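Undergrad: okay, sequence plus prediction incoming.
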Amino acid sequence: MEQKKIITVTLESKEIRHDVMNKSHLTGQARNAEGKDYRSTAYMQASEDDEHAYQIFRSISNAFSHLKVELGEYLHEDGSTSNNRINTAVEKGEKLKLEFLLPSNFNNSACDSLGGMLHEYIVDRTLSEWFVITNKQDAQDYANLATDALDRAKQALYKRERPTRPTYDD
């Protein structure tokens with residue numbers, strides 16, 4: 001009989017949005033300090049204002065969907081429909097859940113790393129899409145960071161425990 005472990009990763013969409021806005025703000029401040037035009041650095045900085053929110057929500061939703069494709073080997077989902085709407089949980093600031101069905105020898109110590117890297121992937125991919133619009137020079141850097149975070153998430157998914165040798169009482 002095959003034994004599997006179910007590992008649930010919960011991502012707070014409010015934390016993801018805050019991280020996106022904070023990193024875009026810091027990137028804008030850094031470019032301003034480098035002498036870039038103050039107006040262009042202001043446009044780099046995402047906010048929760050209506051004109052920014054739609055794009056941020058859309059990009060987070062796209063990143064979350066892409067994550068599901070990339071990690072589909074172990075993802076345990078029963079949904080069979082799709083639409084082109086922004087993910088409701090993202091729009092409402094709710095939790096995003098991913099449930100993985102992993103081999104019984106999955107090393108649970110990798111759970112924190114997995115959750116952290118999934119968060120980083122979504123943030124960096126969202127920033128990459130944001131900067132394609134507002135600051136093309138930084139877009140590729142964030143795309144590369146997203147790829148690296150995804151690779152580290154996959155490494156965490158593939159962590160396994162060493163088998164233990166059986167013991168005998170006779």
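TA: Structure's in. What do you need?

Undergrad: in three-state terms, label Ile7 for me.
TA: Of the three states, Ile7 takes strand under DSSP: H, G, I helix; E, B strand; the rest coil.

Undergrad: what's the pLDDT at it?
TA: The predicted structure scores Ile7 at 95 on the pLDDT scale.

Undergrad: low-scoring stretches of the protein, by residue?
TA: Applying pLDDT under 70 to the chain flags the ranges 1-2, 80-81.

Undergrad: strands of this protein, residue ranges please.
TA: Here the chain has its strands, by DSSP state E, at 4-12, 95-103.

Undergrad: okay, these in CSV with mean neighbour count next?
TA: All C-beta atoms are positioned from the backbone trio N, CA, C, and that covers glycine. Below are the strands of the chain laid out as CSV (neighbours: other C-beta atoms under 10 Å):
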stretch, mean neighbour count
strand 4-12, 15
strand 95-103, 16
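
Undergrad: okay, those in JSON lines with distance to Gly115 next?
TA: As requested, those are exported to JSON lines (distance: least, C-beta to C-beta, whole Å):
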{"stretch": "strand 4-12", "distance to Gly115": "5"}
{"stretch": "strand 95-103", "distance to Gly115": "9"}
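
Undergrad: closest to Asn144 out of the ones you listed?
TA: Closest to Asn144 of these, according to C-beta to C-beta: strand 4-12, at 21.3 Å.

Undergrad: now the closest one against strand 95-103, angle please.
TA: Note on geometry: by axes from the mean of the first three to the mean of the last three C-alpha atoms, to 10 degrees, strand 4-12 and strand 95-103 are set 160 degrees apart in direction.

Undergrad: so which elements touch strand 4-12?
TA: Counting contacts by 3 or more C-beta pairs under 8 Å, 6 or more residues apart in numbering; DSSP states H and E, strand 4-12 packs against strand 95-103, helix 111-134.

Undergrad: run through who's touching that strand.
TA: Under the criterion C-beta atoms under 8 Å, 6 or more residues apart in numbering, residues 76, 95-104, 106, 108, 111, 114-115, 118-119, 122 lie in contact with strand 4-12.

Undergrad: give me the distance between Ser109 and Ala46.
TA: From Ser109 across to Ala46, the span is 34 Å (C-beta to C-beta, to the nearest Å).

Undergrad: the two - which one has more neighbours?
TA: The residue with more neighbours, out of Ser109 and Ala46, is Ala46; 25 against 10, by other C-beta atoms under 10 Å.

Undergrad: surely the more buried one touches Ile56?
TA: Yes: using C-beta atoms under 8 Å, Ala46 is in contact with Ile56, at 5.6 Å.
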